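Q: with the sequence up front, the predicted model follows.
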Number of protein chains: 2
Amino acid sequence: MEGSPPPASPAGLSAYVAVSQLLGLTLLATTGAWLGRYRGGVAWHGHLQFNVHPLCMVLGMVFLQGDALLVYRVFRHEAKRSTKALHALLHGLALVIALVGIVAVFESHRAKGIPNMYSLHSWCGMAAFVLYLLQWLLGCGFFLLPGASFSLRSRYKPLHVFLGIALLALSIAACLLGITEMLLFNISDSYSRFVPEGVLANTLGVLLVAFGLVVGYVLTRDDWKCPPLAEELALSMDFKTLTEGESPGGGSQ
Amino acid sequence: MEGSPPPASPAGLSAYVAVSQLLGLTLLATTGAWLGRYRGGVAWHGHLQFNVHPLCMVLGMVFLQGDALLVYRVFRHEAKRSTKALHALLHGLALVIALVGIVAVFESHRAKGIPNMYSLHSWCGMAAFVLYLLQWLLGCGFFLLPGASFSLRSRYKPLHVFLGIALLALSIAACLLGITEMLLFNISDSYSRFVPEGVLANTLGVLLVAFGLVVGYVLTRDDWKCPPLAEELALSMDFKTLTEGESPGGGSQ
């Protein structure tokens, strides 16, 4: 693909990506404002350790996960291998940050004697994290390392793409559940009176949904996808150079 | 399309659709079991009116909405106009049932003196319902009634499809939030001890996510879609007979 002149970016794509980034930064700022203004701030040690959890999950499991999905649309003119590496790197960073957030909530629960993994939030959140980790490991194994046949990669790719978007949706749903839990644990007496903390946290939930909608739209809009045939060809060529001697069509069923 | 021999259903599609229906029925049964066994049952009058809400929302905004989306995959060999009418009818039924569920919760709140629309659940749920109603009205206006140009229909259709799947996801997220709210309002003291009601309601949440994943997979799998060109052509022919005299390609920009 490097040899041919790069095609122009589709009309409107940049605007939607810009809106997604604006939403992403706004939801990080809103999370920070909520924790800083109403929940005493964030610290690793002591009673504020819990607050590391929502900050890390919004940053890792939503903002970075979403941005990792967008790299194939944003860097459509770059070399395929570089984009793929950036995709894996951003997901890896998201996983590390999410792991810090999970450790924070487990340690905070241990210190306060609160049981773990009983709520729907924890079930959905842990399912999202474990599946996300599995998807990352499988993605690295299939698409970054040599070894997987072209046929296997071609069959796994549509599932990888579907699960990528589905896991972002599940992660956002888990965040919404976490917001509801935090509000009902902390301000159950005043939440129904539309107190500022409740309205701010609800707004964070709306921003999370909006971020998911914009990222989902950019990813699924047909005319913003890279032409499938060229993409598949580039993928096969990448791996042909890595695995050497395998015919792109040779392994297909 | 009626003149040509119908193509065979893609391999695996029927199995996935069967799983989605099994999941749909199981989540209805689980909702019924939760309300019947632990929440006193369901009645329109009196203190059980609230329980109409979760039952109607799971039936209307999840099961029927999901099934309405699946009709284009399930009835791929039927006449396009019949499938379209069934799609609109199922969505219409889902909207009526959801409206009953919304009236139930507003009336129940009024009787108990509980404020409305303060929680993230209510914000997400009401957004999902209003957007779903708008999408249904626009869908009927664009695709069932004559009048919209072929160009307008072609431009709206991808957005209609994206919003259809996105609204199912948002509806499921709103249900998960509702489950969490109900559990924290009713069994906040025992939820963390893994009491049966908590585990059952969490399981309902997992079933809702599973239903959304299976329906989403069936809808987005590329080789299970009707060939776009044939579909677009059928759409244009439908409207040509309705609006009479409009060339399928004449209105495209």
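A: Arrived safely, thanks for sending.
Q: so who does the residue nearest to the spatial centre of chain A touch?
A: Against the mean C-alpha coordinate of chain A, by C-alpha atoms, centre = their mean, the closest residue is A:Gln65 at 1.8 Å. Neighbouring residues of A:Gln65 by C-beta atoms under 8 Å, 6 or more residues apart in numbering or on different chains: A:His91, A:Ala94, A:Tyr132, A:Leu167, A:Leu168, A:Ser171. C-beta coordinates here come from the backbone N, C-alpha and C atoms, glycine included.
Q: nearest residue to A:Tyr38 other than its sequence neighbours?
A: A:Glu197 (4.4 Å; C-beta to C-beta, 6 or more residues apart in numbering or on different chains).
Q: which strands or helices does the strand or helix carrying that neighbour pack on?
A: Assigned by DSSP states H and E, A:Glu197 belongs to helix A:196-220. Where contact means 3 or more C-beta pairs under 8 Å, 6 or more residues apart in numbering or on different chains; DSSP states H and E, helix A:196-220 is packed against helix A:13-38, helix A:65-74, helix A:150-186, helix B:120-139, helix B:150-186.
Q: how far away from the center of its chain is the last one?
A: Remark: helix B:150-186 is offset 7 Å from the chain centroid, using C-alpha atoms, centre = their mean, to the nearest Å.
Q: how about it: buried residues?
A: Across helix B:150-186, burial judged by 16 or more other C-beta atoms under 10 Å in any protein chain shown covers B:150, B:153-154, B:156-157, B:161-184.
Q: ok, which of these also contact chain A?
A: By C-beta under 8 Å from any C-beta of the partner chain, the members of the buried residues of helix B:150-186 lying near chain A are B:162, B:166, B:169-170, B:172-173, B:176-177, B:179-181, B:183-184.
Q: in the stretch 101-250 of chain A, what spans have low per-residue confidence?
A: Scanning the stretch 101-250 of chain A for pLDDT under 70 picks out the ranges A:227-250.
Q: which residues of the stretch 151-253 of chain A lie near chain B?
A: Close to chain B, as judged by C-beta under 8 Å from any C-beta, the stretch 151-253 of chain A has residues A:158, A:162, A:166, A:169-170, A:172-173, A:176-177, A:179-181, A:183-185, A:188, A:191-194, A:198, A:201-202, A:205-206, A:209, A:212-213, A:216-217, A:220-222.
Q: OK, contacts around the closest residue to A:Thr83 other than its chain neighbours?
A: Counting by C-beta to C-beta, 6+ apart, A:Thr83 lies nearest to A:Phe75, which is 4.8 Å off, once chain neighbours are set aside. Neighbouring residues of A:Phe75 by C-beta under 8 Å, 6+ apart: A:Ser82, A:Thr83, A:Leu86.
Q: likewise A:Gly12?
A: Contacts of A:Gly12 (C-beta under 8 Å, 6+ apart): none.
Q: relative to A:Ala111, how far out is the residue nearest to A:Thr83?
A: Counting by C-beta to C-beta, to the nearest Å, the gap from A:Phe75 to A:Ala111 is 43 Å.
Q: what separation is there between the residue lying closest to A:Pro196 once chain neighbours are set aside and chain B?
A: Residue nearest to A:Pro196 in three dimensions, not counting chain neighbours: A:Tyr38, with 7.9 Å by C-beta to C-beta, 6+ apart. A:Tyr38 sits 15 Å away from chain B, going by C-beta to the nearest C-beta, to the nearest Å.
Q: distance of the residue nearest to A:Tyr38 relative to A:Lys112?
A: Following C-beta to C-beta, the distance that separates A:Glu197 from A:Lys112 is 21 Å.
Q: now name the helix or strand holding A:Val96.
A: Going by DSSP H and E, A:Val96 is in helix A:80-112.
Q: roughly how far is that helix from the heart of the chain?
A: With C-alpha atoms, centre = their mean, you get 10 Å for helix A:80-112.
Q: and for stretch A:43-63?
A: Worked out by C-alpha atoms, centre = their mean, stretch A:43-63 lies 16 Å from the chain centre.
Q: just the C-alpha atoms of it, please, in PDB.
A: These are the backbone C-alpha positions of stretch A:43-63, laid out as PDB (Å, rounded to 0.1, in the frame of the first residue of the first chain):
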ATOM      1  CA  ALA A  43      -4.900   8.400  46.600                       C
ATOM      2  CA  TRP A  44      -3.300   4.900  46.500                       C
ATOM      3  CA  HIS A  45      -3.100   4.600  50.300                       C
ATOM      4  CA  GLY A  46      -5.900   5.000  52.800                       C
ATOM      5  CA  HIS A  47      -9.600   5.500  52.400                       C
ATOM      6  CA  LEU A  48      -9.300   7.200  49.000                       C
ATOM      7  CA  GLN A  49      -7.900   4.100  47.400                       C
ATOM      8  CA  PHE A  50     -11.300   3.100  46.100                       C
ATOM      9  CA  ASN A  51     -11.500   6.200  44.000                       C
ATOM     10  CA  VAL A  52      -8.600   5.000  41.900                       C
ATOM     11  CA  HIS A  53     -11.000   2.400  40.600                       C
ATOM     12  CA  PRO A  54     -13.500   4.500  38.600                       C
ATOM     13  CA  LEU A  55     -10.700   6.800  37.300                       C
ATOM     14  CA  CYS A  56      -8.700   3.800  35.900                       C
ATOM     15  CA  MET A  57     -11.700   2.000  34.500                       C
ATOM     16  CA  VAL A  58     -13.000   5.100  32.600                       C
ATOM     17  CA  LEU A  59      -9.500   5.800  31.300                       C
ATOM     18  CA  GLY A  60      -8.500   2.300  30.500                       C
ATOM     19  CA  MET A  61     -11.700   0.300  29.700                       C
ATOM     20  CA  VAL A  62     -13.400   3.200  27.900                       C
ATOM     21  CA  PHE A  63     -11.200   6.000  26.600                       C
END
